[in-house]
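Chemist: everything below, folded, please.
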Amino acid sequence: MTPHMNTRRAAALAAVAAMVVVGVQSGAATAAPGNARDGASVTRTPGTSGATTAIDPNTASERTAAIKSAQSDASSTADAIGLGSQEKLIVRDVIKDADGTVHTRYERTYAGLPVLGGDLVTHTTGSGKLKSVTKANTARIAVPSTTPKAKTAAGARKVIWAGSGKPVLAFETVRTGVQKDGTPSRRHVITDAATGRTLHSYEAIETGVGNSQYSGKVTLSTTASGSGFELTDGDRGGHKTYDLNQGESGTGALVTDDDDTWGDGTGGDRQTAAVDAHYGAAMTWDFYKSALGRDGIAGDGKAAYSRVHYGNAYVNAFWDDSCFCMTYGDGADNKSALTSLDVAGHEMSHGLTAATANLDYAGESGGLNEATSDILGTSVEFFADSSSDAGDYLIGEKIDINGDGTPLRYMDKPSKDGGSADYWSAGVGDLDVHYSSGVANHFFYLLSEGSGPKTINGVDYDSPTADGSTVTGIGRDKAVQIWYKALSAYMTSSTDYAAARTATEKAATDLYGADSAELAAVDAAWSGVNVK
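Modeler: Numbers count the residues shown, from 1 in each chain. Model (predicted):
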């Protein structure tokens, strides 16, 4: 998956999300034809299963009203939590728990400048009493001067950099181009405004691979238009699917059909990729709604859109928050679109991360960002309950990206891919984020299923632990509730693995109690991956 760009936050950190580690492919990847059936029939009724109990009772309208109310009180909130006179708060999200607890996520400005890494979350009781504050950086936001000494490139944005250590005046520059595999590049570089020294950089296009043409005969929600039909999902915020026709910019043409029967289940029919992308987006929307109580990616009831047939022989897929859209290549043979359920779930979930914790796409927080998309993409695959693509803890298993039938990533023992980390170590943040994600992926598998050998949906797993301990799983449904709660209420842009353990402990306590077996399992699973 790729980095994502969040244009809605005041301190915008761009990012686009994709699944593949650029440069790790030894050869061109092609997708097997799979077991897709001919003739994807279309009705207006979503067919899903695997729903869990929602933990967030907010509707889109309630969320909008809550954000407006919180913004009107932002000045008094800033005073209450001890911010300086030059600091202001901008509300990004509000989540209300069933017990009345309210988690309000803010960005900060200082002297009118966006503070990158200054995000925070307040946690208040139903009566409005402040319980605690979670900050991305606990340092006081203040700089001696907002007048830069160093020169910088035209178009650079003046900011306060608080992503690590003491806040400093800085410039943010965006360099655009193309990555080696054809993925768009939007690299953000943060430089010290006094010395010109580079403080931080990250690639804001996050890329991904997955399977296509494997969901068989599926149900789509479409819209009648004139004498035909279009791939517009009126049941899910108006999600649209477009055909880029091998282009690399713009929206392309909205996919239409005369008789409301789309594709033939093979890569030789251009509609097939659109069917898989449209279906994957619908299943991810339904999973968010049913399992997480979330109305769309941003919780506002508004849909993203999908673009298929990107570029020529492009072996990747990505989320770009600047267009709020998913984009899919056709694979090396231009007939193997990367539009599977786990890929769609992964890419859309980069958008969810951008709308919540907005985990910085570098270091340990970048690994947590990638793992979140793997975790939720896997959960979507289980949720859809497709007989053609059964749920599993393998990432990109249908693509054969390695040319030997192995998946891109494994959640039960991540190191089986040859690069991912099974356990936390001091250097894990130096790995590519697709590899450092292994620690959180392994944690999630252990929390869901436990350690040791087992077979699930015909796939054999054997998950070890760092200390040889035995971990008993609590089930995937509870595990994903805990992860989402931690992501949406307690993680910030700079959360690392130690802070992720704390966030999930708080989430498990909120959901199941301080003396619960679920909280004990969270602790055991983190210890099992050496996060202590």
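Chemist: where does pLDDT dip in the chain?
Modeler: 1-58, 180-182, 205-215, 399-403 (pLDDT under 70).
Chemist: mind listing the helices for the stretch 301-450 of the chain?
Modeler: 341-355, 363-384, 433-436, 438-449 (DSSP state H, counting those that start in this stretch).
Chemist: quick one: closest of these to Val275.
Modeler: Closest to Val275 of these, according to C-beta to C-beta: helix 341-355, at 11.7 Å. Every C-beta, even on glycine, is put in place using the N, C-alpha and C of the backbone.
Chemist: just how off-centre is that closest one within its chain?
Modeler: Averaging C-alpha positions (C-alpha atoms, centre = their mean, to the nearest Å) puts helix 341-355 4 Å from its chain's average.
Chemist: Gly468: which of the helices of the stretch 301-450 of the chain is closest?
Modeler: helix 438-449 (13.1 Å).
Chemist: strands paired with the helix or strand just after the closest one, and their directions?
Modeler: Per DSSP states H and E, helix 438-449 leads on to strand 452-456 as the next helix or strand towards the C-terminus. Strand 452-456 pairs in its sheet with strand 459-463 (antiparallel), by DSSP bridges.
Chemist: after the strand it pairs with, heading C-terminal, what element do we hit next?
Modeler: Downstream of strand 459-463 (by DSSP H and E), the next one is helix 476-489.
Chemist: mean neighbour count added to the helices of the stretch 301-450 of the chain, as CSV?
Modeler: Formatted as CSV, these follow (neighbours: other C-beta atoms under 10 Å):
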stretch, mean neighbour count
helix 341-355, 31
helix 363-384, 29
helix 433-436, 26
helix 438-449, 28
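Chemist: now these as CSV including distance to Asp330?
Modeler: Converted to CSV, those look like this (distance: least, C-beta to C-beta, whole Å):
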stretch, distance to Asp330
helix 341-355, 13
helix 363-384, 20
helix 433-436, 22
helix 438-449, 27
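Chemist: mind checking which of those helices is nearest Lys398?
Modeler: Closest among those, using C-beta to C-beta: helix 341-355, at 8.5 Å.
Chemist: determine the set of other helices and strands touching the closest one.
Modeler: Under the contact criterion of 3 or more C-beta pairs under 8 Å, 6 or more residues apart in numbering; DSSP states H and E, helix 341-355 touches strand 16-18, strand 207-208, helix 270-292, strand 317-320, strand 325-329, helix 363-384.
Chemist: same thing but 7 Å
Modeler: Taking 3 or more C-beta pairs under 7 Å, 6 or more residues apart in numbering; DSSP states H and E as contact, the helices and strands that helix 341-355 lies on are strand 207-208, helix 270-292, strand 317-320, strand 325-329, helix 363-384.
Chemist: would you put the C-alpha positions of the third one in PDB?
Modeler: What follows is strand 317-320, C-alpha atoms only, in PDB (Å, rounded to 0.1, in the frame of the first residue of the first chain):
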ATOM      1  CA  ALA A 317      -2.500   0.100  -6.200                       C
ATOM      2  CA  PHE A 318      -2.600   3.100  -4.000                       C
ATOM      3  CA  TRP A 319      -4.700   5.500  -1.900                       C
ATOM      4  CA  ASP A 320      -4.300   9.200  -2.300                       C
END
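Chemist: could you check how far the residue nearest the centre of the chain is from Leu89?
Modeler: Closest residue to the average C-alpha location of the chain: His350 at 2.3 Å, with C-alpha atoms, centre = their mean. According to C-beta to C-beta, to the nearest Å, His350 and Leu89 sit 25 Å apart.
Chemist: before we move on, back to that, touching, the residue nearest to the centre of the chain and Trp319? I think so.
Modeler: Yes - using C-beta atoms under 7 Å, His350 is in contact with Trp319, at 4.1 Å.
Chemist: rewinding a little: of the helices and strands packed on helix 341-355, which is nearest Thr495?
Modeler: helix 363-384 (5.5 Å).
Chemist: the inter-axis angle of that closest one versus helix 438-449?
Modeler: Orientation check (axes from the mean of the first three to the mean of the last three C-alpha atoms, to 10 degrees): helix 363-384 against helix 438-449 gives 40 degrees.
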